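Student: A structural model of the following input is requested.
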Amino acid sequence: MTDKTIPDIIYTKVDEAPELASASLLPIIQSFASAAGVSVGTRDISLAGRIISAFPEHLTEDQRISDDLADLGELVKTPEANVIKLPNISASGPQLLAAIKELQSQGYALPDYPEAPATDAEKTARARYDAIKGSAVNPVLREGNSDRRAATAVKKFAQANPHRMGKWTADSKTEVSSMSGGDFFSNETSVTLKDAAKAKIVLTGADGTETVLKDGLSYPAGTVVDATYLSAKALASFLDAEIARTKDKGTLFSLHMKATMMKVSDPIIFGHAVRAWLKPVFEAHGDKLKALGVNPNSGLGTLLEQVKDDAEIMAAIDAATATRPPMYMVNSDRGITNLHVPSDVIIDASMPALIRAGGKGWGPDGQEHDTNCVIPDNSYAPVYDETIKFFKANGALNPATAGTVQNIGLMAQKAEEYGSHPTTFEIAHAGTVRMMLEDGTVIHEHKVEAGDIWRSASARKAPIEDWVQLAIDRQAATGFRAIFWLDKDRAHDAQLIAYVTPILEAAGVADKFEIMAPRDATRASLETITKGENTIAITGNVLRDYLTDLFPILELATSAKMLSIVKLMQGGGLFETGAGGSAPKHVQDLVATGHLRWDSLGEFCALGESFRFLADAKGHAKARVLGDAVDAATQGVLDHDRSPGRKAGQPDNRHSHYWFARYWAEALAAQSDDADLAAHFAPIAKALADGETAIVQELLDAQSKPVDLGGYYHGDPAKTAAVMRPSATLNAIIG
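Tutor: You can find the predicted model right below:
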């Protein structure tokens, strides 16, 4: 860490819009907290910070920073942890490359990312960079399971001020398409280990040659260990068929993946889609494309940049594209397609947005159209398929009357698929993959072909038991309908059910819970909230991620406003502030127009919980006063509609922070539990009220013009502060 002193609360330094917002909000938090004797420090888990910390030997002394993520990973295993975690970049390959390039341009002598490492130095650099890709942060920090829900005030505000929903009609052509076989879902096997065990993964070729894919794996007793693979041939056939079928139906073609969190498997699947889209080009010019260094896994955008000077290939691309259906666009004005960048279309954000819009996606003509939503693997695609079918039959959800879906998610200690990165492999040649224990027992065995994607994931006993208990506690606290989203016909889920059922029975609460496959649970949950009632979705790691975007986006218009509490298994607390969502677009808007649309409501909610946790954990009475006042301030922001507007010239993120500070100070000045704090904040509240006209105008004056942040991934702190704290009046009051 930056220093050895552990502050009372750690506020993470991250990326993009959330980090820009922090430049405005964090000084307010630190100023108010210090008055109560609460220290609020920062630790850097940003993509740029993780890159810099990985290569100290390449940098000057002034440039080096400590590995804050590793240190936080140790802290969350202790009762002392009190961490507010903002959404960070789960870097795709193109994002990682862009961040490296930016840092190099700023004078950081980092090595290039080696696409084909040959020397030991290149192999070392590649390994360090690959460790930063994808979901490198969350598995390290999530030493507890997830309790994620809309705060009561947020939900009530959404019902009183319902957002606009797209219209669903029964004749909509929008659909979800998935593989009927050969995918991860259909090939999965799963076992629960009776005893602690060590294991290795071996690929045996047809000639008997053995290649150890992974050794030194270790699992405690009771671990559920899965293995599965996706057939490259089946995937290619599926993609070819869906491209043709999409054209016949006259809809948009779209691919929805998670190429950030699933940093090994999904970029490969994405690359298959790029290859399928340009199949005639790869067939005719494969050797030349290879010589140019084209890797379809990096996306169509990188490919086009690499071949732009080759007229023959560009003509072949134009010819192939002319035979394809129109594609779902990320930005139709700029010609950025669904297949341009692997991290541009992330399923848990893209699918809810499309569903909220009435099943419409933007086409290359700048108009909205029905869409074929291609989700190759069938593990979780039924959730989106059933949602679309439900709204076709019943019309769009009404946010004014809808109930809520809370979530209890199994995610501790790298549970399930999101912990599979080190044990996911693109198979080099045909053969048999076996996962075997140290005593020679084979627990998984799959016949595979070259190009297949094989992976193993696990979930440990202690997190599973903690997850079930968390569900029991949440249901008891609310009385809501509670559903375990588990499919008895899926290998992994069957193992979890064998844990869940006895725990519920032993606790005498089995009659208060239902167990349903994801498709059935989706329909049951939609039926429940449509009636204005509430339910708890108790899910595994990936569904936790998907559902805590899907339902909040339908209910609240965004997942950024969710309250996310991670009760760490060793007694600490991790408070997450919502999803990143359209954070990149927010940054682009700020740079172009000086307006930041990011809503910090998730940060407000997490802050109140963090203060109260500190009060409970350390008997810090003043922290409780701060936390209760935060809730009052958050309610004030909602009641008076002080959230950011969407366009330049309207109040933005910085305005919302002024109002939050003002309402917070007023609540502290008016409270009766701590006379010293009331006396301290009374003049601050008055100054903030008296300065309203000047502050609001100073913040508005900072808009409607381009701004310079000094970098996208690694901005200049002074420039960023100048942009995000432009009110001299507010700064003087806060200090």
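
Student: how about Lys512, what does it touch?
Tutor: Neighbour list for Lys512: Gln475, Ala482 [criterion: C-beta atoms under 8 Å, 6 or more residues apart in numbering]. Using the backbone N, CA and C atoms, a C-beta is placed for each residue, glycine as well.

Student: go ahead and confirm Lys173 touches Asp248.
Tutor: No. Using C-beta atoms under 8 Å, Lys173 makes no contact with Asp248, being 11.0 Å away.

Student: between those two, who's got more neighbours?
Tutor: Using other C-beta atoms under 10 Å as the criterion, Lys173 and Asp248 rank with Lys173 on top: 15 against 8.

Student: list the contacts of the more buried one.
Tutor: Contacts here follow C-beta under 8 Å, 6+ apart; on that basis Lys173 touches Lys249, Gly250, Thr251, Asp370.

Student: partner residues bridging the last one?
Tutor: Looking back up the chat, that one is Asp370. Here Asp370 sits in beta bridges with Lys360, going by DSSP bridges.

Student: assign a three-state SS to Ala685, would you?
Tutor: Under DSSP: H, G, I helix; E, B strand; the rest coil, the three-state class of Ala685 is helix.

Student: swap in the one 3 residues further on?
Tutor: Under three-state DSSP, Leu688 falls in the helix class.

Student: report the separation between it and Gly608.
Tutor: Leu688 sits 19 Å away from Gly608, going by C-beta to C-beta, to the nearest Å.

Student: buried ones in stretch 453-471?
Tutor: Using 16 or more other C-beta atoms under 10 Å as the test for burial, stretch 453-471 gives 453-461, 463-464, 466-468, 470-471.

Student: and which of these is nearest Glu698?
Tutor: Leu470 (45.5 Å; C-beta to C-beta).

Student: so for the helix or strand hosting that closest one, what's the average pLDDT?
Tutor: Leu470 belongs to helix 461-478 when assigned by DSSP states H and E. The average pLDDT within helix 461-478 is 97.

Student: who touches it?
Tutor: 144-145, 147, 220-224, 406, 408-413, 415, 482, 484, 496, 499-500, 503-504, 507, 509, 512-513, 534, 536, 538, 567, 569.

Student: out of these, name the ones that lie in strands.
Tutor: Here DSSP state E is the test, and the contacts of helix 461-478 give 144-145, 147, 224, 406, 408-409, 482, 484, 513, 536, 538, 567 as lying in strands.

Student: by neighbours, which of these wins?
Tutor: Ile538 (30 neighbours).

Student: isn't that one right up against Arg481?
Tutor: No. No contact is recorded between Ile538 and Arg481 when judged using C-beta under 8 Å, the distance being 10.9 Å.

Student: picking that back up, and the angle for the helix holding Leu470 with strand 405-409?
Tutor: Interaxial angle, helix 461-478 versus strand 405-409 (axes from the mean of the first three to the mean of the last three C-alpha atoms, to 10 degrees): 160 degrees.

Student: can I get helix 461-478 as CSV, trimmed to CA atoms?
Tutor: Listed in CSV are the C-alpha atoms of helix 461-478, where the atom choice follows Å, rounded to 0.1, in the frame of the first residue of the first chain:
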residue,chain,number,x,y,z
LYS,A,461,-17.8,-25.3,0.9
ALA,A,462,-17.4,-22.4,3.3
PRO,A,463,-18.6,-19.7,0.8
ILE,A,464,-21.5,-21.9,-0.2
GLU,A,465,-22.7,-22.4,3.4
ASP,A,466,-22.2,-18.7,4.1
TRP,A,467,-24.3,-17.9,0.9
VAL,A,468,-27.2,-20.1,2.1
GLN,A,469,-27.1,-18.5,5.6
LEU,A,470,-27.1,-15.0,4.1
ALA,A,471,-30.2,-16.0,2.1
ILE,A,472,-31.9,-17.3,5.2
ASP,A,473,-31.1,-14.1,7.1
ARG,A,474,-32.3,-11.9,4.2
GLN,A,475,-35.6,-13.7,3.8
ALA,A,476,-36.2,-13.6,7.5
ALA,A,477,-35.5,-9.8,7.5
THR,A,478,-37.9,-9.1,4.6
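
Student: use 45 as the first number for this chain going forward.
Tutor: Fine by me, first position is 45 from now on; the one you just mentioned is helix 505-522.

Student: any buried residues in the helix or strand hosting Ala359, and which?
Tutor: In this assignment (DSSP H and E), Ala359 forms part of helix 355-366. Neighbour-count burial for helix 355-366 flags Ile357, Ala360, Ile361, Ala364, Thr365 (criterion: 16+ other C-beta under 10 Å).

Student: check stretch 128-148 too.
Tutor: 128-144, 146-147.

Student: mind checking which of these are in strands?
Tutor: Per DSSP E, the subset of the buried residues of stretch 128-148 in strands is Ile128, Lys129.

Student: tell me which of the buried residues of stretch 128-148 fall in helices.
Tutor: Using DSSP state H, the subset of the buried residues of stretch 128-148 located in helices is Gly137, Pro138, Gln139, Leu140, Leu141, Ala142, Ala143, Ile144, Glu146, Leu147.

Student: I'd like the residues you listed as a markdown table, with pLDDT and distance to Pro161 appended.
Tutor: Below are those laid out as a markdown table (pLDDT from 0 to 100; distance: C-beta to C-beta, whole Å):
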| residue | pLDDT | distance to Pro161 |
| --- | --- | --- |
| Gly137 | 84 | 15 |
| Pro138 | 85 | 19 |
| Gln139 | 90 | 20 |
| Leu140 | 93 | 15 |
| Leu141 | 94 | 15 |
| Ala142 | 94 | 20 |
| Ala143 | 96 | 19 |
| Ile144 | 97 | 15 |
| Glu146 | 98 | 22 |
| Leu147 | 98 | 20 |
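
Student: about what we covered before: show me which pair in the ones in strands among the contacts of helix 505-522 is furthest apart.
Tutor: Longest distance between any two of these is 24.4 Å, between Val268 and Gln450; criterion C-beta to C-beta.

Student: for the nearest residue to Lys217 once chain neighbours are set aside, give me the pLDDT.
Tutor: Among residues not flanking Lys217 along the chain, Asp414 sits closest, at 3.9 Å (C-beta to C-beta, 6 or more residues apart in numbering). pLDDT, Asp414: 98.

Student: likewise Ala623?
Tutor: 64.

Student: same deal with Val181?
Tutor: 88.

Student: what is the neighbour count of Ser700?
Tutor: So Ser700, with other C-beta under 10 Å, has 24 neighbours.

Student: for the one 5 residues further on, same thing?
Tutor: As a burial measure, Ala705 scores 25 neighbours (other C-beta under 10 Å).
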